[in-house]
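Asks: Predicted coordinates and the sequence they were generated for:
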Amino acid sequence: MSAYIINVLKKVPLPLFGNAATAAIFSTRKAGTLTRLAPWGVPLGGGALWFVWPAVDQEWKDETGFGSARPAVLKEEEKIELSDEAISKIESAYVVAEHHLSEEEQSVVNAMAEGDFSALEKDWDEFQLRASNPNEDDDDDDDDDDDEDEDEEDDEEEGADGDDTEGADGDDADGADDEDEDEEDDDDDDE
């Protein structure tokens, strides 16, 4: 009987193995190795559940009895009474203030609606001239102002230290001789 079954399985085509007989022989030989790997089944199954269980739908867990149903907590709604001032602020919170355009701005908007942008060409030309000249930058003016402010602060700090006071013997207050300065003056006169 087993020879008859093997002959029938040899005639059944099976992808990857060629026929069902080859697949059956392969499966029986590999099934013997499962007894060696069986002890690893419990930790591998636990690890898989540890990663998969949080992704399972909570409703399904509750329906099947695996999940714990969360108790329904009913909160009593507290009635909040607002003052008239607060109600008016809430009602006017999203009201946008209307901005009225000047006559010049309105004429430019009307011209733009018709497709005439000639009123803006003057502004565009001025911007282009400022943008294309790297030597004249508005930021440079700000940097110059900052540098001047720093210089003024440094001058004020030096004046507060009293660096121009001299001692009785011709020494500066910090004890340095004036001889170095005199030698430099003599060198300038010789030239």
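Replies: Arrived safely.
Asks: tell me the helices in the protein, going along the chain?
Replies: Assigned by DSSP state H, the helices in the chain fall at 2-11, 20-31, 34-37, 41-52, 58-64, 84-91, 103-114, 118-132, 138-161, 179-190.
Asks: so of the ones you listed, which one's packed in deepest?
Replies: When these are scored by mean count of other C-beta atoms under 10 Å, the highest mean neighbour count falls to helix 20-31 (a mean of 13). No exception for glycine: its C-beta is placed from N, CA and C like everyone else's.
Asks: Can you name the residues in contact with that one?
Replies: With contacts defined as C-beta atoms under 8 Å, 6 or more residues apart in numbering, helix 20-31 is touched by 6, 9-10, 12-14, 16-17.
Asks: Pick out whichever of these sits closest to residue 92.
Replies: Nearest to residue 92 out of the contacts of helix 20-31 is residue 16 (C-beta to C-beta; 74.3 Å).
Asks: Check the closest one and give its pLDDT.
Replies: Per-residue pLDDT puts residue 16 at 78.
Asks: Distance of it relative to residue 79?
Replies: For residue 16, the distance to residue 79 equals 71 Å [C-beta to C-beta, to the nearest Å].
Asks: and if you look at residue 13?
Replies: Using C-beta to C-beta, residue 13 is found at 77 Å from residue 79.
Asks: Who has more neighbours out of these two?
Replies: For residue 13 and residue 79, the more surrounded residue by other C-beta atoms under 10 Å is residue 13, and the numbers stand at 9 against 5.
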